[in-house]
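*Asks:* fold the following for me, if possible:
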Amino acid sequence: MDYYKLKVLNHKKLMIFCIIIIVFLLLAYYYFYEKNHENIVIEKEEVTSATTISNDEGDIYVDIKGHVAKPGVYSFKIGDNARINDLILKSGGLLKDADTSLLNLSKKLEDEMTIVIYSKSEVENYVKEQNELLKKLELCEQKVKNNACINQPEVNNDHKKININKASKEDLETIPGIGESKALNIIKYRNNTPFKTIDDIKNVEGIGDSLFESIKEYLTI
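*Replies:* The predicted structure follows:
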């Protein structure tokens, strides 16, 4: 009986020893596997990072907003010489209410540009505001100097001069500060008395010295 108990006891000790060895091996395997796996992940991240940097070289990134199918940031290769129109196509194209009449679609893209595609209503409001501004400029002209008026645009000496004896109403309206009413007054005046010098335009109703000084560079006869 004692022999049997001793045998069983030895058998249990052997099993416990085997279990301890197995646990030790598992712990050793887990330690070395995790360590190696961690190093592999780090190496992969370094390779990925290096690849990303390499891929970014020579790229430009442009942000497009507004009325396109997929607004967002898009990348192009510098060598592509991409234009705004290419960006619109890459972003899924224009929405139905988009209006590009105020934009230069052939402009070359540059890094960190922001392109906004306006809607038709936004463009209409902008044009309306510009027309209202021109009307306000017509009020700020002659006889009484008003320093509160909005400054008129500087004259470009390379602009096309308008022949005040021959110009149509539409051409006369291209002169800053000359609206429809003043254009009709100019035509009415010259039909009776042709202009001999550009200074004679000051005889036209609604055109005083201050307005004449601001538009004389546009005039010829």
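
*Asks:* what's the neighbour count on the closest residue in space to residue 66 that isn't next to it in sequence?
*Replies:* Nearest residue to residue 66 in three dimensions, chain neighbours excluded: residue 117, at 3.8 Å (Cβ to Cβ, 6 or more residues apart in numbering). Where you see a C-beta, it was placed from the backbone N, CA and C, and this is true even at glycine. By other Cβ atoms under 10 Å, 21 other residues sit near residue 117.

*Asks:* so for the closest residue to residue 180 other than its chain neighbours, what's the pLDDT?
*Replies:* Excluding its sequence neighbours, the residue lying closest to residue 180 (Cβ to Cβ, 6+ apart) is residue 173, at 6.3 Å. Note for residue 173: predicted pLDDT of 87.

*Asks:* do the same with residue 27
*Replies:* At residue 27, the model reports a pLDDT of 74.

*Asks:* the closest residue to residue 83 other than its chain neighbours: neighbour count?
*Replies:* Spatial nearest neighbour of residue 83, chain neighbours left out: residue 106 (5.5 Å); criterion: Cβ to Cβ, 6+ apart. Residue 106: 8 surrounding residues under other Cβ under 10 Å.

*Asks:* return the distance of residue 105 relative to residue 199.
*Replies:* From residue 105 across to residue 199, the span is 45 Å (Cβ to Cβ, to the nearest Å).

*Asks:* repeat for residue 60
*Replies:* From residue 60 to residue 199 the distance is 54 Å (Cβ to Cβ).

*Asks:* give me the more crowded residue out of those two.
*Replies:* More neighbours surround residue 60 than the other of residue 60 and residue 199, with 16 against 12 (other Cβ under 10 Å).

*Asks:* so is that one in a helix, a strand, or just coil?
*Replies:* strand (DSSP: H, G, I helix; E, B strand; the rest coil).

*Asks:* so how far is residue 62 from the closest residue to residue 90 other than its chain neighbours?
*Replies:* Sequence neighbours aside, residue 74 is the residue nearest to residue 90 in space, at 5.3 Å (criterion: Cβ to Cβ, 6+ apart). Shown here: residue 74 relative to residue 62, a distance of 6 Å by Cβ to Cβ.

*Asks:* comparing these two, which residue is more hemmed in?
*Replies:* residue 62 (22 against 18).

*Asks:* tell me the contacts of that one?
*Replies:* Applying Cβ atoms under 8 Å, 6 or more residues apart in numbering, we find residue 62 in contact with 73, 74, 75, 76, 87, 109, 110, 111, 112, 113, 114, 115.
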